[in-house]
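Undergrad: okay, predicted coordinates and the sequence, questions at the end:
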Amino acid sequence: MLLNKLKNIFQKSKLPLKDIFQSALFGGKKEDYDFIEEQLILSDIGLNTTEKIIKRLKERVKNNIIVEREKIIEELKIILKDILKETLLPDFDKNRIILVSGVNGSGKTTSIGKLANLVIKSNKKVLLGACDTFRSAAMEQLAIWGDRTKSFVYIPENQKDPAAVAFQSVKYGIENSFDIIIIDTAGRMHTNKNLMVEMKKIYDVLYSKYNFMGIFSILVIDATNGKNTLSQAKYFKESSRVDAIFLTKMDGTAKGGSIITIADELDLPISYIGTGENMEDIDIFDKDIFIDSIL
């Protein structure tokens, strides 16, 4: 994606912080910081993350680091960039199994298609494992993306147990010399305990049998859902051994604050962003561009 296009997308997620600068610079009173806290929360930044930002701002004001408007902008950028982890990407030469999870409706299947297309561009043979056996039409949707990306979709006959399907998919992939196996671990509502247990079983089985292949676990999150994404992501992190986040629907409607909160409270890096419905609409997340654009 062109750099300017990426900047424009992030700029639509700008934080409404114009009045914060003057309050922090010329105030320092409790009510001034209360105002800053309110604005950060209105920007969809969670309370815990907001308190962390306020504490660091106070320290910088106290130490006379922040002395002018331009300086507070730069200091706020430093604080937010410290919160966001460095981008973590799968190494397609070492991570031969990519596990993809996410709440129904998050854009998980589309993200799998984008990842498959990305891998195939590097001249690797890709297999998609259809483990979303509970959701109606899930296999058909994955098959469509298989056709679009020229990936092989493994759909076992008469098998409905997601963990068994995952195991068989990887076994088939090894036997038929596939370079990368992307497992659709099944869409789940995080509030459904039984289904979350089933998803954990997928991970337990693959990590116990095929960890030698290098497993990378990606959680797909809809960036437009704001604070609602955090509770979802916490459940998935507990059951899915998540390595990194794939942010979808970063097309200009996502709120920058929610992205910062997710990265902070989950202590997870962001790997990719999805910026549209086409298989080419994927890019590596760049925290420097993101923070510079939203401020």
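TA: Received the coordinates, thanks. Residues are numbered from 1 along each chain as shown.
Undergrad: now the element after the helix or strand E238 falls within, going C-ward?
TA: Per DSSP states H and E, E238 falls inside helix 228-240. Downstream of helix 228-240, the next assigned helix or strand under DSSP H and E is strand 244-248.
Undergrad: name the residues that touch that following strand?
TA: By CB atoms under 8 Å, 6 or more residues apart in numbering, the surrounding residues in contact with strand 244-248 are 88-90, 100, 102, 106-107, 110-111, 115, 216-223, 233, 254, 259, 262-263, 266, 268-274, 285. No exception for glycine: its C-beta is placed from N, CA and C like everyone else's.
Undergrad: what subset of the residues you listed is buried?
TA: The neighbour-count test (16 or more other CB atoms under 10 Å) marks 90, 100, 102, 106-107, 110-111, 115, 216-223, 233, 254, 259, 262-263, 266, 268-274, 285 as buried among these.
Undergrad: so who does G113 touch?
TA: Going by CB under 8 Å, 6+ apart, the list of residues near G113 reads W145, R148, T149, M279.
Undergrad: kindly provide the distance from the nearest residue in space to the first one that is not next to it in sequence to K200.
TA: Nearest in space to W145, with sequence neighbours left out and distances taken as CB to CB, 6 or more residues apart in numbering, is G113 at 3.4 Å. Taking CB to CB, to the nearest Å as the criterion, G113 is separated from K200 by 25 Å.
Undergrad: distance between the top helix by length along the chain and the chain's centre?
TA: The single longest helix within the chain, with elements called by DSSP state H, is helix 193-210. Centroid separation for helix 193-210 versus its chain: 20 Å, with CA atoms, centre = their mean, to the nearest Å.
Undergrad: adjust the sequence numbering to begin at 705 for everything that follows.
TA: Got it, first residue is 705 now, which makes that one helix 897-914.
Undergrad: give the other helices and strands that that helix contacts.
TA: Contacts defined by 3 or more CB pairs under 8 Å, 6 or more residues apart in numbering; DSSP states H and E place helix 897-914 against strand 801-806, helix 866-879, strand 884-891, strand 919-926, helix 932-944.
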